[in-house]
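1. sharing a model prediction with you, sequence too.
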Amino acid sequence: MTYDPLPDLMPPAVPLPDEVASLRGEVRAFVAGQIRGGAWQPRVDGWLSGWNPQFSKELAARGWVGMAIPEEYGGHGAGALARYVVIEELLAAGAPVAAHWMADRQIAPALLRHGTEAQRAEFLPRIAAGEFFAAVALSEPDTGSDLASVRTRAVPAADGWRLTGTKIWTSGAHRADAIFVLARSAPADAHDRHAGLSQFIVDPKAPGVQVRPIPILTGSHDFNEVVLEDVFVPAGRLLGEPGGGWRQVTSELAYERSGPERFLSTFPLLVALVGELAAGDTDPTAAAGVGALVTRLWTLRQMSVSVAAALEAGEAPALAAALVKDVGTRFESTIAEAARQLCAKPGPGGDFSRLLADAVLHSPAFTLRGGTNEVLRGIVARGLGLR
Amino acid sequence: MTADVRASVREVAASIFAAADMNGDGFDATSWNRLEAAGFTLLTVPSDAGGGGADLDLAAAVLFEAGARAARVPLAETDLAGWLLAVAGLTPPAGPLAAVEHDADISRSGDGWRIRAELTGVPWADRAAGIAVLTPRSVVLVDSYRVTPGRNLAGEPRDTVVIDGVVGGDAIAVADGTVLGHELRLRAALARTQLLAGALQATLGAAVRYAGERVQFGRPIASFQVIQQALALAAGEVAAARVAAEAAAGSATRASVTAEASVTAIASAKARASEAAGTVASIAHQVHGAIGFTREHHLGVLTTRLWAWRDEDGSDAYWNGVIGARALSLGPAGLWPMLTGT
């Protein structure tokens, strides 16, 4: 046998810097106060289902939305790791952060990288104020994993573009201030399927935009179908280069893939499970079962932080981000089942049953959204040199 | 310590292991002598006790390489025993060492102390210059004993040792066995985790290489999506183990081995790496087909180590139990602070 070296799968493990400790304490205390005061209940998938503009504004008032936005655009110029600490505290508490989530996570970075000066000046201060909510429209009825096959057309018109097509699974589009639409702005090129796509900032109130609800399994309205019928989009609402949409969108995906929402969406259920089991006689088998969840979660957090640190250092660890999302979402999908097995008879009055029901009904989405795990493993396989 | 120092130490260690035959059997004296000359055998032992005085995360880099190359030397065990002897005020001797926690029978005998014990699963006892025995109230360095050879799943020596002899006053020191035992188990688990992480990476490397070479249905099996998916799953496990191992070593270096955050880190890392070992070994064997199941093929050099090491120094079941009990005693409000270490 010989030793077969591999490319580095992950950036090195690094601790969060000491400076963020006091920030963590502030966020934790604020969130605890909110829960004590009954402002909201901890929930599963709070970053997609917990739409609470008032809470978004309160967070923004404390400087915890759009943190990485430079001060000249109304932000705080904080690093990616400071933002990381804030969002992980919010997610762990099951806070309702859905309203500003997309704008904070990927739209602000996209505007900073690809936006015009006018776009930055218009949108970034509103994002940092917790007043601008964005939806991201990528998938279409015939376009799921194969994103390059989008058929929504953007045709050049006087002073802008005209968009026609249908988007689906567009979270929050019914309440968003803008919908970021990926559309084909040049005819498909058989030799380069990724060419000819562009991103547009669409006003949901523009004539020709229809937003229709698609209720999810819980019955709640997060998803939408967005129908665009000859919608006029002014030239100034093209985001980035015409034809650069694929690169722009996939670099956003690399950001969103490794975040703590990929393994903390069901954390409130894990907390409730510990509450149920800690209240009764401690059975060693149940303790080990809880421990198996905790040790996996501890590890995932280290993986996610290592990617966040690499992002802060200006690297683009796409392979590592795909690995974190694959391992993280598979873990999340196991929590509901583990909770069922470990807690045979929940006590009355707790949150356990409510959170378990939500986790079960949300769990199919964990390994679908942001790129199915099968697609992510394709990215990993490419990184391993298998394709 | 800087990343540069760690990288260059890792490189020196890798070059020593690379010169050895991964498929050999028994103690690799050549590598051992080179490691001892490079100062890697007592790496984390304080320099005033004759060690390298290095941080645990430097030792971790060396152990990762040892695991990746299936090194046939008791590097982790020797450093661990060296630490135990030094912390008790004894001087570690040169040569391979082992550390064992055992409630040995100790009584006064003339100018020295008579020690009687039967130990099982002692790593490389027949090669060791001495065994450091941690008893409830002392640390004893024993260099005379009877060995009955035993082996773990990977064929590494895990011997039964019978001690019945007298040691001088310079080979025994008073120590708190409860406190040191706690730290000994954590250090052992931390070291084993690094070895596992290295072996996991090498196992994936072997499977990736084989998938690229093995042709079936007219093409390399690496081109089949089902193989790609399986290897990508394995890569997730390898990545998890590696990051966990590094993060645990980092915590133990920055804080201390027994700091609360480090206990969580080390226990989690050993549990996670042990869990990964089973999954990755299984995928690597499935990719290799029947040939990997044979003695003549050397995939087993790595996978048998994965199967042995996942259970040594605390299995995933053991450490998950430790962490679960701790989580339940802290209660729901304590879970997130436990995970973040603050």
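-> Yes, it's here. The structure presented is a predicted model; accordingly, all values stated were derived computationally and were not measured.

2. what is the rounded mean pLDDT of stretch A:90-98?
-> Mean per-residue pLDDT for stretch A:90-98: 98.

3. now the terminal residues of it, how far apart.
-> With CA to CA, to the nearest Å as the measure, stretch A:90-98 spans 11 Å from end to end.

4. please report how far the residue lying closest to A:Ala235 once chain neighbours are set aside lies from B:Ala308.
-> Nearest residue to A:Ala235, sequence neighbours excluded (CB to CB, 6 or more residues apart in numbering or on different chains): A:Gly160, at 4.6 Å. (Each C-beta comes from the backbone N, C-alpha and C, glycine too.) The gap separating A:Gly160 from B:Ala308 is 67 Å, by CB to CB, to the nearest Å.

5. ok, now A:Leu384?
-> 26 Å.

6. measure the residue nearest to A:Ala235 to chain B for me?
-> For A:Gly160, the distance to chain B equals 42 Å [CB to the nearest CB, to the nearest Å].

7. in the chain, which helix is the longest?
-> I'll assume chain A. helix A:284-312 (DSSP state H).

8. chain B is the one I meant
-> Per DSSP H, chain B has its longest helix at helix B:177-213.

9. so which elements touch that one?
-> helix B:56-68, helix B:75-87, strand B:97-101, strand B:130-134, strand B:219-220, helix B:225-254, helix B:260-288, helix B:299-309 (3 or more CB pairs under 8 Å, 6 or more residues apart in numbering or on different chains; DSSP states H and E).

10. present those as JSON lines; the columns should include mean pLDDT and mean neighbour count.
-> Written out in JSON lines, the entries for the helices and strands packed on helix B:177-213 read as follows (pLDDT from 0 to 100; neighbours: other CB atoms under 10 Å in any protein chain shown):
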{"stretch": "helix B:56-68", "mean pLDDT": "97", "mean neighbour count": "27"}
{"stretch": "helix B:75-87", "mean pLDDT": "98", "mean neighbour count": "26"}
{"stretch": "strand B:97-101", "mean pLDDT": "98", "mean neighbour count": "24"}
{"stretch": "strand B:130-134", "mean pLDDT": "98", "mean neighbour count": "27"}
{"stretch": "strand B:219-220", "mean pLDDT": "98", "mean neighbour count": "13"}
{"stretch": "helix B:225-254", "mean pLDDT": "98", "mean neighbour count": "25"}
{"stretch": "helix B:260-288", "mean pLDDT": "98", "mean neighbour count": "25"}
{"stretch": "helix B:299-309", "mean pLDDT": "97", "mean neighbour count": "23"}
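
11. skipping adjacent residues, who's closest to A:Val231 in space?
-> Using CB to CB, 6+ apart, the nearest residue to A:Val231 is A:Gly208, at 4.0 Å.

12. same thing with B:Thr294?
-> B:Gly300 (7.9 Å).

13. can you tell me how far B:Ala125 is from chain A?
-> B:Ala125 is 27 Å from chain A, by CB to the nearest CB.

14. which residues touch the closest residue to that residue other than its chain neighbours?
-> Closest residue to B:Ala125 in three dimensions, ignoring its sequence neighbours and counting by CB to CB, 6+ apart: B:Asp159, at 3.9 Å. By CB atoms under 8 Å, 6 or more residues apart in numbering or on different chains, the contact list for B:Asp159 reads B:121-126, B:147-150.

15. on the pLDDT front, check B:Asp159 for me.
-> For B:Asp159, pLDDT reads 98.

16. ok, A:Val209 next?
-> Reported pLDDT for A:Val209: 98.

17. how about the strands of the stretch 151-300 of chain A, start to end?
-> A:153-157, A:160-167, A:178-184, A:197-202, A:209-214, A:223-234, A:238-239 (DSSP state E, counting those that start in this stretch).

18. can I get the ones you listed in JSON lines with mean neighbour count?
-> Output for those, formatted as JSON lines (neighbours: other CB atoms under 10 Å in any protein chain shown):
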{"stretch": "strand A:153-157", "mean neighbour count": "17"}
{"stretch": "strand A:160-167", "mean neighbour count": "21"}
{"stretch": "strand A:178-184", "mean neighbour count": "25"}
{"stretch": "strand A:197-202", "mean neighbour count": "25"}
{"stretch": "strand A:209-214", "mean neighbour count": "15"}
{"stretch": "strand A:223-234", "mean neighbour count": "19"}
{"stretch": "strand A:238-239", "mean neighbour count": "23"}
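
19. pretty sure B:Arg192 contacts B:Ile266?
-> No - in this structure, B:Arg192 is not within contact of B:Ile266 by CB atoms under 8 Å, at 10.1 Å.

20. residues contacting B:Ala14?
-> B:65, B:68-69.

21. that's a helix at it, yeah?
-> Yes - assigned with DSSP: H, G, I helix; E, B strand; the rest coil, B:Ala14 falls within a helix.

22. any idea how far it is from B:Phe64?
-> Counting by CB to CB - B:Ala14 and B:Phe64 are separated by 9 Å.

23. report the contact partners of residue 130.
-> Using chain A. A:53, A:56-61, A:65-66, A:99-100.

24. switch to chain B, please.
-> B:81, B:93, B:95, B:97, B:141-143.

25. which members of the residues you listed are classed as buried?
-> Neighbour counting by 16 or more other CB atoms under 10 Å in any protein chain shown classes B:81, B:93, B:97, B:141-142 among the contacts of B:Gly130 as buried.

26. distance to B:Ala117 added to the residues you listed, as JSON lines?
-> JSON lines is the format used below for the buried ones among the contacts of B:Gly130 (distance: CB to CB, whole Å):
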{"residue": "B:Ala81", "distance to B:Ala117": "15"}
{"residue": "B:Pro93", "distance to B:Ala117": "19"}
{"residue": "B:Leu97", "distance to B:Ala117": "16"}
{"residue": "B:Leu141", "distance to B:Ala117": "13"}
{"residue": "B:Val142", "distance to B:Ala117": "8"}
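
27. next up, the contacts around the spatially most central residue of chain A.
-> Centroid-nearest residue in chain A, with CA atoms, centre = their mean: A:Glu256, separated by 5.2 Å. Contact analysis of A:Glu256 by CB under 8 Å, 6+ apart lists A:105-106, A:370.

28. 10 Å - rerun?
-> A:101-102, A:105-106, A:109, A:136, A:262, A:321, A:325, A:369-371 (CB atoms under 10 Å, 6 or more residues apart in numbering or on different chains).

29. picking that back up, relative to B:Pro123, how far out is the residue nearest to B:Thr294?
-> Counting by CB to CB - B:Gly300 and B:Pro123 are separated by 20 Å.

30. for A:Val327, same thing?
-> 32 Å.

31. common neighbours of B:Ala14 and B:Phe64, please.
-> Counting by CB under 10 Å, 6+ apart, the residues touching both B:Ala14 and B:Phe64 are B:Gly198.

32. how near is the single nearest residue of the stretch 251-387 of chain A relative to chain B to B:Leu204?
-> Closest to chain B within the stretch 251-387 of chain A is A:Gly291: 2.8 Å, counting by CB to the nearest CB. In this view, A:Gly291 and B:Leu204 are 26 Å apart by CB to CB.

33. can you list the domains in the chain?
-> By default, I'm working from chain A. A:20-132, A:137-245, A:258-383 (automatic domain parsing).

34. should've been chain B
-> B:3-175, B:178-340.
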